[in-house]
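> what would the 3D arrangement of this be:
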Amino acid sequence: MQLPSQFITAIENAPGFEAKGFLETHAAEDIVTSVRINAEKQINNHTPTTSIFSDTKAVKWCEQGVYLPNRPSFTLDPLLHAGAYYVQEASSMFIWHILSAIFPEKQAPIIALDLCAAPGGKTTLLADYFTNGLIISNEVIKQRSATLIENTTKWGSGNIVVTNNDPAAFSKMPSLVDLLLIDAPCSGSGLFRRDVNAINEWSEANVQLCSARQKRIIADALPTLKEGGILLYATCSFSVEENEQMVDWMLTEYNLTSISITHSSSWGIVTTNTNKNGVGYRFYPNKLQGEGFFITAFTKNNSTNSAYLSSIKNSFATTTEITLFDPFLLPNNKVYSYIKHVDTFIAVPTFFLEIISKLLKHLYVRKIGIRLGELKRNEVIPHHELAVSNIYNKKCLPQTSLSLEQAINFLKKNTVDLLGNSTIGWSLATYKNYGLGWMKLLSNRMNNYYPVEWRILKK
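Predicted coordinates for the structure are as follows:
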């Protein structure tokens with residue numbers, strides 16, 4: 001891997017940079033692979049981590065993060081499509097450690113906004129950490145938001161709202177969120193080892209362009225953060241202009257206080273102190289098992305913004321209607337309310353109904369809660385989101401356990417040969433006890449209801 005000489009010159013004075021080790025690491029071919037296990041699905045499906053991967057090593061700063069001994073073919077692993085785990089770069093999992101330091105009470109009903117969220121790794125991490133919170137997951141690019149919807153759906157959490165808006169749209173909702181995460185679009189030098197094309201796209205001019213864009217994004221989104229709320233700013237860049245200089249710009253322009261996060265020196269993370277007494281954290285691939293990453297945390301001080309709420313505008317499902325869905329849902333599930341949008345019934349967290357109403361009023365919302373399905377002549381037509389969710393009652397309705405070959409065939413949206421099947425009706429296709437999607441079993445065939453846009457195309 002040949003790195004541009006201008007790039008090395010540009011970052012040679014970056015805190016913690018060591019040219020020799022940095023270049024040697026980028027010349028090596030061995031790149032570590034890490035995943036984050038879906039702990040809630042693990043519990044619901046009574047499956048230990050070892051049933052997914054073996055010979056793993058822990059990511060020290062994230063409870064569910066593990067390193068794999070080699071990189072498998074994830075596309076052909078049904079458990080990936082079932083949301084049993086997420087392939088996530090280990091450095092970015094440091095967000096879990098930051099949350100543990102700032103929000104030790106995981107059960108708090110936090111409202112968090114992941115502003116630049118696609119493809120969804122950080123959103124699903126937030127949803128895992130704040131199990132009683134509401135995670136607003138936004139992506140401005142429509143095509144990338146489709147990927148975000150797919151990944152958050154497979155994760156199965158009901159506390160995620162996916163929006164497709166420019167950051168400026170959130171200025172209409174001042175003091176809305178307790179946590180604002182901005183993983184800002186950047187020049188991408190931290191991912192050179194994984195994306196060789198990023199090397200060709202790097203230039204000092206692009207760094208400056210990204211820095212200007214990052215300032216606009218922060219300025220547009222910061223009003224939506226409550227007084228006393230937490231701002232996390234991150235990039236996958238080594239450039240000081242996008243990291244330490246951005247920290248100093250924020251401390252100068254806004255009433256923020258930098259937060260210091262204690263961590264073990266054995267982890268290899270470089271703590272950097274800026275000219276304005278800000279604190280940031282750099283990740284170098286030659287110092288730890290992870291790619292290039294930078295993150296910093298702030299508290300927002302006094303604010304003149306005030307929160308407001310609007311009344312819920314959605315139609316609630318009737319008791320008769322929702323009773324028809326009862327066999328599909330875990331019993332005594334009091335944390336959700338059920339609304340009807342056009343013909344689709346949706347489970348949304350009761351505690352956040354007013355906030356969700358507000359989002360629907362001001363934003364282009366692509367996904368809320370968990371879509372349960374439709375009713376046609378009093379028959380439930382279950383939605384795929386229910387199949388991969390954490391609220392589906394697997395004990396009450398039929399399941400069809402598939403072999404690896406059958407599961408891959410199902411995920412390709414082919415007909416699956418089920419010899420000897422005597423069940424008629426809806427059945428959850430499972431692999432190793434994880435839900436993959438719905439099939440309708442008939443007397444002489446099965447209908448595959450896996451979403452066509454998510455099917456495996458790889459031969």
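> use CA for all of it now, contacts and neighbours both
Fine.
> where do the strands of the stretch 51-200 of the chain begin and end?
57-58, 65-68, 85-87, 111-114, 134-138, 160-163, 177-183 (DSSP state E, counting those that start in this stretch).
> what's the most buried one of those strands?
Highest mean neighbour count of the strands of the stretch 51-200 of the chain: strand 134-138, a mean of 28 (counted as mean count of other Cα atoms under 10 Å).
> with just CA atoms, put it into PDB.
Output of strand 134-138 as PDB, limited to C-alpha atoms (Å, rounded to 0.1, in the frame of the first residue of the first chain):
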ATOM      1  CA  LEU A 134     -35.300   6.300  22.100                       C
ATOM      2  CA  ILE A 135     -32.600   6.300  19.300                       C
ATOM      3  CA  ILE A 136     -33.200   8.700  16.400                       C
ATOM      4  CA  SER A 137     -31.100   7.400  13.600                       C
ATOM      5  CA  ASN A 138     -30.700   9.900  10.800                       C
END
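> got the contact list for residue 59?
Shown in contact with residue 59 (Cα atoms under 8 Å, 6 or more residues apart in numbering): 65-67, 90.
> now find how far off-centre stretch 369-381 is within its chain.
Centroid separation for stretch 369-381 versus its chain: 26 Å, with Cα atoms, centre = their mean, to the nearest Å.
> low-confidence stretches in the stretch 351-459 of the chain?
Residue ranges of the stretch 351-459 of the chain with pLDDT under 70: none are present.
> about what we covered before: the strands of the stretch 51-200 of the chain: which one's closest to residue 448?
strand 85-87 (23.5 Å; Cα to Cα).
> and the closest one, which strands flank it?
Partners of strand 85-87 in the sheet, by DSSP bridges, are strand 33-37 (antiparallel).
> contacts made by the strand it pairs with with the rest, please.
49, 64-71, 84-90.
> and the next element down the chain from it?
Next along the chain after strand 33-37, taking DSSP states H and E as the criterion, comes helix 39-44.
> now find how far off-centre that next one is within its chain.
16 Å.
> now that helix: buried residues?
39-42 (16 or more other Cα atoms under 10 Å).
> and for stretch 23-39?
25-26, 31-39.
> ok, now how distant is residue 324 from residue 397?
13 Å (Cα to Cα, to the nearest Å).
> tell me which element residue 395 is part of?
Applying DSSP H and E, one finds residue 395 in no helix or strand.
> any chance of the strands of the stretch 51-200 of the chain in a markdown table with distance to residue 3 as columns?
Below are the strands of the stretch 51-200 of the chain laid out as a markdown table (distance: least, Cα to Cα, whole Å):
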| stretch | distance to residue 3 |
| --- | --- |
| strand 57-58 | 30 |
| strand 65-68 | 26 |
| strand 85-87 | 26 |
| strand 111-114 | 32 |
| strand 134-138 | 33 |
| strand 160-163 | 37 |
| strand 177-183 | 24 |
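> now tabulate the ones you listed in TSV and tack on mean pLDDT.
Putting the strands of the stretch 51-200 of the chain into TSV (pLDDT from 0 to 100) gives the following:
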stretch	mean pLDDT
strand 57-58	96
strand 65-68	96
strand 85-87	98
strand 111-114	98
strand 134-138	98
strand 160-163	97
strand 177-183	98
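> out of those strands, which gets nearest to residue 384?
Closest among those, using Cα to Cα: strand 160-163, at 15.9 Å.
> run through who's touching the closest one.
Taking Cα under 8 Å, 6+ apart as the rule, strand 160-163 contacts 127, 134-139, 145, 148-149, 152, 363-369.
> buried ones among those?
127, 134-139, 145, 148-149, 152, 363, 365-369.
> longest strand anywhere in the protein?
As assigned by DSSP state E, the longest strand anywhere in the chain is strand 225-235.
> and residue 339, helix, strand or coil?
Following DSSP: H, G, I helix; E, B strand; the rest coil, residue 339 is assigned to strand.
> how near is it to residue 316?
4 Å.
> the more surrounded of the two?
Higher neighbour count among residue 339 and residue 316: residue 339, with 20 against 16, using other Cα atoms under 10 Å.
> partner residues bridging the more buried one?
According to DSSP bridges, the partner residues bridging residue 339 are residue 316, residue 346.
> figure out which of the strands of the stretch 51-200 of the chain is closest to residue 375.
Of all the strands of the stretch 51-200 of the chain, strand 160-163 comes closest under Cα to Cα, at 23.3 Å.
> so in that sheet, which strands flank that closest one, and in what orientation?
In the sheet, strand 160-163 lines up with strand 134-138 (parallel), strand 365-368 (antiparallel) (DSSP bridges).
> can I get those in JSON lines including distance to residue 12?
Below are the strands paired with strand 160-163 laid out as JSON lines (distance: least, Cα to Cα, whole Å):
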{"stretch": "strand 134-138", "distance to residue 12": "34"}
{"stretch": "strand 365-368", "distance to residue 12": "43"}
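> of all the ones you listed, which lies closest to residue 386?
Taking these one by one with Cα to Cα, strand 365-368 is closest: 12.6 Å.
> helices or strands next to the next helix or strand after the closest one in the packing?
Where DSSP H and E defines the elements, the next helix or strand beyond strand 365-368 is strand 370-376. Under the contact criterion of 3 or more Cα pairs under 8 Å, 6 or more residues apart in numbering; DSSP states H and E, strand 370-376 touches strand 344-349, strand 379-382, helix 384-387.
> looking at those, which is nearest to residue 266?
strand 344-349 (40.2 Å).
> helices and strands around that closest one, which ones?
In terms of contacts (3+ Cα pairs under 8 Å, 6+ apart), strand 344-349 is packed against strand 336-341, strand 370-376.
> for residue 41, what are its contacts?
83-84, 156, 390, 434.
> and residue 223, which of the strands paired with strand 160-163 is closest to it?
strand 134-138 (15.4 Å).
> please enumerate residues in contact with the closest one?
Counting by Cα under 8 Å, 6+ apart, 109-118, 120, 123, 126-127, 145, 159-165, 352 sit against strand 134-138.
> residue contacts, the residue lying closest to residue 240 once chain neighbours are set aside?
Among residues not flanking residue 240 along the chain, residue 14 sits closest, at 6.2 Å (Cα to Cα, 6 or more residues apart in numbering). If a contact means Cα under 8 Å, 6+ apart, then residue 14 has 238-240 as its contacts.
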